[in-house]
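# sequence first, then the predicted structure:
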Amino acid sequence: MSEVPPKKRNACVIVLGDIGRSPRMQYHAQSLLEENYHVDIIGYLETRPLEALTQQPRCRIHELTAVPVTNLTPKLRLLFKAFWQTLSLLMALISIRRPSFLLVQNPPGIPTLIVCYLYCALTRTKLAIDWHNYTYTVLALGMSSGEKGPLIRLVRRLERYFGSKAHTHFCVTRAMQEDLQENWKIGPVNVLYDRAPTQFHPIDLAQKHELFLKLAKDYPQFQSAVNNQSDVVEATALTQKLANGSVQYKHQRHAVLVSSTSWTQDEDFGILLKALQSYEETAQAEPLVYPSLLCIITGKGPQKEHYTAEIARLQWKKVSVITPWLEIEDYPTVLASADLGVCLHWSTSGLDLPMKVVDMFGSGLPVCAYDFKCLNELVKHGENGFVFADHIQLAEQLRIWFEHFPKNPSILETRAGFQRSLQQFQELRWRESWSLIASPVLEAFL
């Protein structure tokens with residue numbers, strides 16, 4: 001009796017965006033590799049992907065050619081971009097190993113969903129869509145007529161039609177699952193919440209000290225003043241290492257606030273600037289009550305130059321801001337070294353959740369998050385963080401959190417409660433969640 005040949009475990013992950021800035025799809029690919037799949041990844045290579053992908057022989061990354069810059073009108077530019085990406089994606093799909101399924105990120109859904117549906121229909125490949133948001137709501141941000149314009153209405157119809165052709169779906173919230181199934185008549189839809197991978201975890205003070213030393217090389221805000229203590233061998237603005245090897249915080253140290261932003265329209269950075277201006281005024285009026293605040297703003301995007309120029313014009317004395325672009329391995333350490341995180345993300349559809357909060361929670365960092373429709377699926381006000389609706393509420397939360405920092409008994413009690421909630425959150429990581437929810441669905445396609 002002849003043995004049944006093993007099933008081919010080939011998968012293709014498609015990101016019509018920068019692979020390095022698409023963490024969820026990278027985690028999908030990494031999980032597939034850990035399940036002994038051969039994985040092809042198609043996308044742009046603007047930033048370095050995870051080493052778990054680039055150093056794995058069973059993983060091939062197919063770089064898409066960037067869309068040329070044109071002087072066309074916005075609408076014609078979108079059409080040209082769709083045409084160019086259609087050709088690029090088709091050429092990439094022709095070059096890959098024949099997969100059992102395509103796992104496609106949406107948005108962007110145009111032309112991704114159309115091209116992938118046609119490819120799957122011709123090659124009898126299964127199609128799985130991972131819904132992060134809706135394409136039409138993202139595109140509507142840049143249109144004067146919003147979602148009512150004819151082009152956006154067309155995109156919505158195409159997204160709905162070709163989205164319904166997939167064999168299975170994943171999404172990021174219960175609210176999106178309900179919307180897809182009830183209003184879009186799309187299914188089956190599996191909720192796969194973003195969960196922090198293991199590299200996002202709390203760290204000890206010695207590791208924080210090493211990070212601050214590294215940042216001090218490029219940013220004077222982290223550099224220590226002249227040290228006259230004989231038992232201190234090295235110091236930063238926040239920490240010092242003693243001759244016996246132990247590390248301790250400095251007395252009356254700065255507080256560290258971190259925010260990760262894509263510098264785009266769906267994150268109003270002006271809210272944070274106004275809140276920091278309010279904190280500056282409060283801290284100057286009561287300098288013995290409120291510490292100096294050192295803000296680390298990470299990420300890159302189209303509005304970064306505008307806001308960095310605005311920050312440079314501000315003459316703050318109690319608040320300082322740096323905007324580094326961090327290496328992949330440094331980002332989790334920065335989150336774990338901060339005293340408070342701020343998330344400015346709001347959803348164009350009201351149905352997705354900010355992954356940056358997931359990363360902060362995984363690192364044990366409490367968060368102030370901008371409120372929108374389904375945020376309570378992740379951030380619960382007063383339980384694991386704070387929720388704000390405008391700069392006034394955010395400024396009040398900063399004032400409360402940093403009053404008599406870091407020894408305010410009331411805040412220490414609140415923080416201890418937050419940490420208990422975050423420890424529960426950290427018990428389920430991305431890999432375990434993916435194995436429970438995504439793996440059985442995709443395995444059925446082999």
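All right, it came through fine.

# show me the longest helix that occurs in this protein.
The longest helix of the chain (DSSP state H) is helix 74-95.

# and the contacts of that one?
Residues from elsewhere that reach helix 74-95, judged by CB atoms under 8 Å, 6 or more residues apart in numbering: 12, 14, 16, 42, 62, 64-65, 67-68, 70, 72, 110-112, 114-116, 119, 139, 142-143, 151. For every residue, glycine as well, the C-beta is placed using N, CA and C.

# how about it: buried residues?
Residues of helix 74-95 classed as buried: 78, 81-82, 84-86, 88-89, 92-93 (neighbour count, 16 or more other CB atoms under 10 Å).

# what's around the nearest residue to residue 344 once chain neighbours are set aside, how many residues?
Distance criterion CB to CB, 6 or more residues apart in numbering; nearest residue to residue 344, sequence neighbours excluded, is residue 267 at 4.3 Å. Residue 267: 23 surrounding residues under other CB atoms under 10 Å.

# rewinding a little: what subset of the contacts of helix 74-95 is buried?
Taking 16+ other CB under 10 Å as the criterion, what is buried in the contacts of helix 74-95 is 12, 14, 16, 42, 62, 64, 110-112, 114-116, 119, 139, 151.

# sorry, back to before: wait, doesn't the residue nearest to residue 344 sit right on residue 297?
No: with contact defined as CB atoms under 8 Å, residue 267 does not reach residue 297; the gap is 10.9 Å.

# now list whatever residues contact both of the two.
residue 261.

# just the strands in the stretch 101-250 of the chain please.
Secondary structure of the stretch 101-250 of the chain (DSSP state E, counting those that start in this stretch): strands at 101-106, 126-131, 168-171, 189-191, 232-235, 239-242, 247-249.

# for residue 280, find the nearest of those strands.
strand 247-249 (22.8 Å; CB to CB).

# packing partners of the very next helix or strand once past that closest one?
Scanning forward in sequence from strand 247-249 by DSSP states H and E, the next helix or strand is strand 255-260. On a contact count with 3 or more CB pairs under 8 Å, 6 or more residues apart in numbering; DSSP states H and E, strand 255-260 meets strand 293-298, helix 331-337, strand 340-343, helix 355-362.

# give me the residues contacting strand 255-260.
Contacts for strand 255-260 (CB under 8 Å, 6+ apart): 238, 272, 291-299, 331, 334-335, 337-344, 356, 359-360, 365, 398, 402, 405-406.

# where does pLDDT dip in the chain?
1-7, 226-228 (pLDDT under 70).

# could you pick out the longest strand of it?
Secondary structure assigned by DSSP state E gives strand 10-18 as the longest strand of the chain.

# now the host helix or strand of residue 310: buried residues?
In the assignment (DSSP H and E), residue 310 maps to helix 304-313. In terms of neighbour count (16+ other CB under 10 Å), helix 304-313 has its buried residues at 304, 307, 311.

# where's the first one relative to residue 358, distance?
The one in question is residue 304. Noted for residue 304: a distance of 23 Å to residue 358, by CB to CB, to the nearest Å.

# check the offset of stretch 333-347 from the chain's centre.
10 Å (CA atoms, centre = their mean, to the nearest Å).

# can you give me the end-to-end distance of that stretch?
Chord length of stretch 333-347, first to last residue, is 27 Å (CA to CA, to the nearest Å).
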